[in-house]
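Q: Build the 3D model from these lines:
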Amino acid sequence: MSSNSIEVKIENNVAWIALNRPEVFNSFNREMALSLQDVLENCAADSNIRAMVLTGNGKAFCAGQDLKEVTTPEINPGFRRILEEHYNPIIQKIRNIEKPIVAAVNGVAAGAGANIALACDIVVAVESASFIQAFSKIGLVPDSAGTFFLPRLIGFQKASALMMLGDKVSAEEAMSLGMIYKVFSADSFEAEVKKVAENLAQMPTKALGLTKRLLNQSMTNSLEEQLALESDLQIEASSSYDYNEGVTAFVEKRVPEFKGN
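A: Residues are numbered from 1 along each chain as shown. Just a heads-up that it's a prediction; the model follows:
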């Protein structure tokens, strides 16, 4: 599944997906955007993969769009294609894949890079990382679902200020705002991310996927619609192997061995 711009390794039912353009802080060009979509699709289809980690090689997580691509006429796809063929499908795949996806933010996450991270199910960051809604600095508007997720994570007023002013947000501040889940020291970052990912990979994947579907729908559902969907998906979850295993293990006072279905 690897390409020049995306590296993938699979260990203990976890797919480790690394953006691999460190010389440009993992900024997106068309090749990397399309490769990431292919990787996400392949991971979704592989039943041996039960969790994913998205991170960056080098010093940065992702600096957003490669501006060289959009300022070089012969290779510039144009903003409509960049959004409709690059970023929007990436966000949709991250949200629609019914497996947990962890963003392991190893450095700066700016522009589309920040918003791709925030679309993931769990976001953790190294203490030196930062998040920047960099769009206003060059006369653009936030994309990659930033205007959808960020206000829901931290509130309308704070999101508005960060998007208009383009302030840099430290990892610690991002955690205190509720933007991300946890911050780890540089020394422990890799081990802690591995612990989170491998824990998710041993959990009941079907139930986690259905939970993700519920969270997606909660963004737009009424209370009545959400209660009805909870009922439907709880019935679906209760017919799974993992539910039976979880209950049996509880009664037998042992650790459950979930299979993800």
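
Q: Which parts of the helix or strand containing residue 161 count as buried, going by neighbours?
A: Using DSSP states H and E, residue 161 sits within helix 156-165. Across helix 156-165, burial judged by 16 or more other CB atoms under 10 Å covers 158-159, 162-163. Just so you know, the C-beta spots here come from the backbone N, C-alpha and C atoms, and that holds for glycine as well.

Q: same check, this time on stretch 161-179
A: 162-163, 166, 169, 171, 174-175, 177, 179.

Q: CA atoms only: put it into PDB for me.
A: Taking C-alpha atoms only, stretch 161-179 is exported to PDB below (Å, rounded to 0.1, in the frame of the first residue of the first chain):
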ATOM      1  CA  ALA A 161     -11.000  33.800  16.600                       C
ATOM      2  CA  LEU A 162      -8.500  31.100  15.700                       C
ATOM      3  CA  MET A 163      -9.600  31.000  12.100                       C
ATOM      4  CA  MET A 164      -9.600  34.800  11.600                       C
ATOM      5  CA  LEU A 165      -6.400  35.600  13.500                       C
ATOM      6  CA  GLY A 166      -4.500  32.500  12.500                       C
ATOM      7  CA  ASP A 167      -3.000  32.100  16.000                       C
ATOM      8  CA  LYS A 168      -0.700  29.200  16.700                       C
ATOM      9  CA  VAL A 169      -2.100  26.900  19.400                       C
ATOM     10  CA  SER A 170       0.300  24.800  21.400                       C
ATOM     11  CA  ALA A 171      -0.400  21.100  22.000                       C
ATOM     12  CA  GLU A 172      -1.100  21.800  25.700                       C
ATOM     13  CA  GLU A 173      -3.500  24.600  24.900                       C
ATOM     14  CA  ALA A 174      -5.200  22.400  22.300                       C
ATOM     15  CA  MET A 175      -5.800  19.800  25.000                       C
ATOM     16  CA  SER A 176      -7.100  22.300  27.500                       C
ATOM     17  CA  LEU A 177      -9.500  23.600  24.900                       C
ATOM     18  CA  GLY A 178     -10.900  20.200  24.100                       C
ATOM     19  CA  MET A 179      -9.500  20.200  20.600                       C
END
